[in-house]
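>>> sequence and predicted structure below; questions after.
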Amino acid sequence: MILVNADVNNYLLYIDKITKTYGYGLLGLRRFKALDEVTLALPLQEPEILVLIGETGSGKTTLLKIVLRIVTPDAGSVYYKGKDIFKLRSSEVRWYRREVQAIFQDPYETFNPLRTVDGYLFDTAKHLLGLDRKEAEALIDETLNFVGLSLSRVKGKKIKEFSGGELQRVSIARAILTKPRLLLADEPVSMLDASLRVNILNIFREMKKKLGLSIIYVTHDLATAYYVGDEMAVLYRGVLVETGSAEDLYKEPLHPYTQLLMNSILEPDIGVKNRIRPIKLSSIEIKEFIAPGCKFASRCPYATPRCHKEIPPTITVDNRRYVRCWLYAK
Amino acid sequence: MAKTQIGNEAILKVIDLDAGYAIKHKNKLVKFVHAVDNVSLEIRPNRITGIAGESGCGKSTLAKVIYGAIEPPLEVKRGSVLLKISDEYKDLLKMSRAYISRNIWWKFISYIPQNSMNVLNPMKRIKSIFTEISKFHGLEVDEEDVVKYIKEMFKAFGIPAEAINAYPHQLSGGMRQRVVIALALMFNPSVVIADEPTTAVDVVTQLGILTALKEWQKEKKTTMIIISHDMGVHAYMDDDIAVMYAGNIVEKGSVEDVFEEPLHPYTKLLISSLIRKGEKEFKWGISGSPPDLSNPPPGCRFHPRCPYAMERCRREKPPITTIDKDRIVSCWLYEKG
Amino acid sequence: MSFKDLIKDRVFIVSLSIVVGLALYTVIYPAYFTKVDPTKWYTYPQGIPPCPQFPFGTTLTGQNLADLVPVALRNSLTIGLTTALTSTAIAIAISALATLIRRLSTAVMTFIDVMCTIPPLPILIILIFTWREYIAIPTIGLILSITGWAWPSRALTSILSSLRERMFVFTAYLCGLPLYKIVAKEFMPFLMRYIFVHFINLTLWGIGMETTISLFGAMKMETPTIGTTLYWALRYQAFILGLWWWYLIPTLFLIAFLVSLYTINMKVDEYLMT
């Protein structure tokens, strides 16, 4: 994730200083930044799974919507394979839809309860790939096989006839039908049972290996993040506070917020049982968004007066390792 | 409001409980979802007992029956729920709803639901919700006392003082959950049942809430029952744990025993399928899915997915084997003869 | 409740038969059995109670009720149906405008709310009274639609607004479906139930409005509708003079139709809900 003066053509996806502001309060006149100059990039040559870690209110959903072209940013651009996605010609839009797909958190909300689930698969085959019925059936069956299902199992059924795990797999199949290069996954396993999560995550690893698919996996569950992730980026209240490889962030989290997250993981392991960990809980959120200075300062155990007044710049610690915290400023 | 429990005898006993949901169409029974199948459980006082299991295993139903929130289509077919009140065991299932809601709820047993909006009236400010509940339970409290109590609780749980005058929708989900917990603990009940208390909140808030609950338990010696599908929560909170699968309790014991040496094949598979911090090697999940509880498989309900299934497992339901004091498992592998 | 259950339900079958039966009656009877124009006054002896020759009796205006009732009922039904058709069409169009085009959203919704608060009766009475010389019966339905679309539109708008935010709409978008297909495939199944219910409600409302306006004397009074028939019955003191057949028989036909239609509405709603 290179930040300055990089050639956008070298990257699969280059999110360049994206800012999104929303209004709040009476008449929506007061403003806060849901995303503040967020920059991220995915390499072009090798497929990579980037984990975007953020809790509710971090802006992760807004970022996904921007990459999917549903929301327009107020500043900054997003480049896919060198092209500005908000300046695509209408013929290119369809291409982009094929290249970049998404799956969502709640498998039961992903599909219309009144429609059959395979309807979506056929729609994709028809509208994005232009296949006729026979070709579509073959491709759909093959794709469903990849995720452990089949067309005969799925045909004519509505969502209530599937379990959460199965439905999420159909959702994945729908997304990879067009053989995209980039998949955006918004908390894809948080609504599934713990024992089923690893099945879906294994599919992700397969997709990267066998289909060369890059994935932006958004979650606040750090354990699963490490299991699938190559690179990680931590988002706090619209600001990208730390990036690096999964190894780096686990072994040596730099930003106090990342440290807090790592400490908050509850392991299914009784070794840490009796330690009661002290913690400072956050107050009502908007105050944090509009605070001058570092957004995390009000909860940070290391906060200095400077942290409350000035927003820390992005500090390069190493190759592809960045942190936004005054602690690391020279 | 008895709260000091002397002795180790169980404070709550569930005996041979059978309950489920009767789905009817035009007064004819279409199917019965057998969510709680012959469950017996003893909850020791001054300890945190966890009920673990995945979605559809019946743990929420069990919690509702223990609490007494039994409304159609939920039906209790047989069994008893004994609560120790002033050294005597009383069967909660035999009490009338009116009696329970006035005398048992909030005072002896409190319930923290998964969804905070089920408890908080969106039309009322937080302060009046607290005051109302006090009045309903026949405690003539001074509004000042209530406010003082609320302020103390809010401080313990990290809720900002301004929330006292707020409406529920003005608070974030995590904040509301904490308010609901503060409400549940208001009369210092002997037993607190928390049904997935932190499923809807973020990781950091989760740690905060659970820590606050743990500290409360230590100080007030409350008996807690934590229902959750998250084994991480159980590892952090529980003293004892009971694992449920498809309506049965398949294993129970101290949390050290169950995590370090799981006996039941389901527990083993479950624990090994959980992704731990810092793990990257390939892991297996459990294949198949939980059975349809309106038409469960014969014999042991886990046998279709069990790697150790024997002929006997397919035919007969395994009995409950007592391995040790307070250590039980329900599996043919452990039954001699 | 499945479709088979619906078809076998006795109440539904009876209601449907009544509605269809009455509809056919209003069409077939005047075509084959009426020899003289029933709308002309003083064609028959006045005020005769029901008897073999005049099964429904005659009115003081010299009209044969047996010939008059089917025509009256038909006209009332026509007004009801045209109201329903036009109002539903307008409601759908305006709701679509309010929800699909975000910039117009607040403006259109305010407009809908304003139209909801305007009391329809006085306006309709004035409009119909002013134009009654120039318009035909179906057009009355169009005029009623001017106020009839507002409440259904409000309901449709709120449903569409919440539907628009749902995830599966987004999925359809990611499948490459164009907007009109998203509306057809994702929204319509939800809306069908409401549109059907609103349609029947509007029919009932249209007939009710027509009756009310007629009783005020603002309708085309020489055209027989149930409302106008009742008006004349009142004018000619039918209650006091004891000519019960003049007001009771048309009313009974109307009630039979309305209750059956309403029952169909409830039953189909029950079916669509599951």
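Sure thing, it's come through. Numbers count the residues shown, from 1 in each chain, chains lettered A, B, ... in the order given.
>>> quick one: B:Phe108 from B:Ser190, how far?
When C-beta to C-beta, to the nearest Å is the yardstick, B:Phe108 and B:Ser190 sit 5 Å from each other. Using the backbone N, CA and C atoms, a C-beta is placed for each residue, glycine as well.
>>> the helices in the chain, which residues?
The chain I'm using is chain A. Chain-ordered helices for chain A, with DSSP state H as the definition, fall at A:60-67, A:90-99, A:107-110, A:118-127, A:133-146, A:151-154, A:164-176, A:194-211, A:222-228, A:246-251, A:256-264, A:286-290, A:305-309.
>>> not quite, I wanted chain B
The residue ranges that make up the helices of chain B, judged by DSSP H, are B:59-67, B:97-99, B:126-136, B:143-157, B:173-184, B:203-220, B:231-237, B:255-260, B:265-273, B:311-315.
>>> same thing with chain C?
For chain C, the helices identified by DSSP H occupy C:3-8, C:10-32, C:65-100, C:105-117, C:120-131, C:137-148, C:150-164, C:167-174, C:179-182, C:188-215, C:226-235, C:238-241, C:244-273, in order along the chain.
>>> is any residue of stretch B:108-116 near chain A?
No - in terms of C-beta under 8 Å from any C-beta of the partner chain, no part of stretch B:108-116 sits within range of chain A; the closest distance is 13.2 Å.
>>> which positions in that stretch come out as buried?
Residues of stretch B:108-116 classed as buried: B:108-114, B:116 (neighbour count, 16 or more other C-beta atoms under 10 Å in any protein chain shown).
>>> among those residues, name the ones in strands.
Counting by DSSP state E, these place B:109-112 in strands.
>>> adding mean neighbour count and distance to chain B, write the helices of chain C out as TSV.
Compiled in TSV, those are given as follows (neighbours: other C-beta atoms under 10 Å in any protein chain shown; distance: least, C-beta to the nearest C-beta, whole Å):
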stretch	mean neighbour count	distance to chain B
helix C:3-8	11	9
helix C:10-32	15	13
helix C:65-100	22	23
helix C:105-117	14	21
helix C:120-131	15	32
helix C:137-148	21	33
helix C:150-164	19	17
helix C:167-174	21	18
helix C:179-182	13	30
helix C:188-215	20	20
helix C:226-235	22	37
helix C:238-241	13	45
helix C:244-273	18	12
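>>> now those helices as a markdown table including distance to A:Lys157 and mean pLDDT?
Compiled in a markdown table, the helices of chain C are given as follows (distance: least, C-beta to C-beta, whole Å; pLDDT from 0 to 100):
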| stretch | distance to A:Lys157 | mean pLDDT |
| --- | --- | --- |
| helix C:3-8 | 19 | 79 |
| helix C:10-32 | 29 | 89 |
| helix C:65-100 | 30 | 90 |
| helix C:105-117 | 36 | 90 |
| helix C:120-131 | 46 | 90 |
| helix C:137-148 | 40 | 90 |
| helix C:150-164 | 22 | 89 |
| helix C:167-174 | 15 | 91 |
| helix C:179-182 | 21 | 86 |
| helix C:188-215 | 16 | 90 |
| helix C:226-235 | 50 | 90 |
| helix C:238-241 | 62 | 88 |
| helix C:244-273 | 21 | 88 |
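>>> how about residues contacting stretch A:250-267?
A:53, A:220, A:222-223, A:226, A:234, A:236, A:241-242, A:244, A:249, A:277, A:279, A:296, A:299-302, A:317, A:323-325, A:327-328, B:203-204, B:206-207, B:210, B:230, B:232-233, B:235-236, B:276-278 (C-beta atoms under 8 Å, 6 or more residues apart in numbering or on different chains).
>>> mark which of those are buried, thanks.
A:53, A:220, A:222-223, A:226, A:234, A:236, A:241-242, A:244, A:249, A:279, A:296, A:299-300, A:323-325, B:203-204, B:206-207, B:210, B:230, B:232-233, B:235-236, B:277-278.
>>> could you pull up the residues touching the nearest residue to B:Leu17 once chain neighbours are set aside?
Taking C-beta to C-beta, 6 or more residues apart in numbering or on different chains, and ignoring the residues beside it in sequence, B:Leu17 has B:Gly79 as its nearest neighbour in space, at 3.4 Å. Contact partners of B:Gly79, counting by C-beta under 8 Å, 6+ apart, are B:14-19, B:39, B:93.
>>> now, the residues you listed that are in strands?
In this view, those that belong to strands under DSSP E are B:14-19, B:39.
>>> is any part of stretch B:317-329 close to chain A?
No - applying C-beta under 8 Å from any C-beta, one finds stretch B:317-329 out of contact with chain A, separated by at least 15.3 Å.
>>> mind listing what's buried along that stretch?
Residues of stretch B:317-329 classed as buried by neighbour count (16+ other C-beta under 10 Å): B:317-318, B:320-321, B:327-329.
>>> nearest residue to B:Val39 in space, please, no chain neighbours.
Looking at B:Val39 with C-beta to C-beta, 6+ apart, the closest residue is B:Leu17, at 4.6 Å.
>>> so the one you found touches B:Val65, yeah?
Yes - proximity of B:Leu17 to B:Val65 meets the contact threshold set by C-beta atoms under 8 Å, at 6.4 Å.
>>> more neighbours, those two?
Neighbour count, other C-beta atoms under 10 Å in any protein chain shown: between B:Leu17 and B:Val65, B:Val65 has more, with 25 against 22.
>>> and the more buried one, how far is that from B:Val33?
Separation of B:Val65 from B:Val33 (C-beta to C-beta): 14 Å.
>>> can you check B:Lys252 too?
23 Å.
>>> again with A:Met262
Note on A:Met262: its distance to B:Val33, by C-beta to C-beta, is 41 Å.
>>> skip the chain neighbours and tell me the closest residue to B:Val258.
Using C-beta to C-beta, 6+ apart and skipping residues adjacent in sequence, the residue nearest B:Val258 is B:Ile241, 5.2 Å away.
>>> which residues touch the one you found?
Residues B:49-52, B:234, B:252-255, B:258-259 are the ones in contact with B:Ile241 under the rule C-beta under 8 Å, 6+ apart.
>>> what's across from it in the sheet?
Beta-bridge partners of B:Ile241, counted by DSSP bridges, are B:Gly50, B:Gly253.
>>> residues from the stretch 1-150 of chain C in reach of chain A?
On the criterion C-beta under 8 Å from any C-beta, chain A has no neighbours in the stretch 1-150 of chain C.
>>> which intervals of the chain have sub-threshold pLDDT?
Since you didn't name a chain, this refers to chain A. A:1-6, A:24-29, A:271-288 (pLDDT under 70).
>>> ah, no, chain B please
Counting by pLDDT under 70, chain B has low-confidence residues at B:1-8, B:138-141, B:337.
>>> so who does B:Phe282 touch?
Taking C-beta under 8 Å, 6+ apart, we find B:Phe282 in contact with A:202, A:205.
>>> before I go, just wanted to say thanks for your time.
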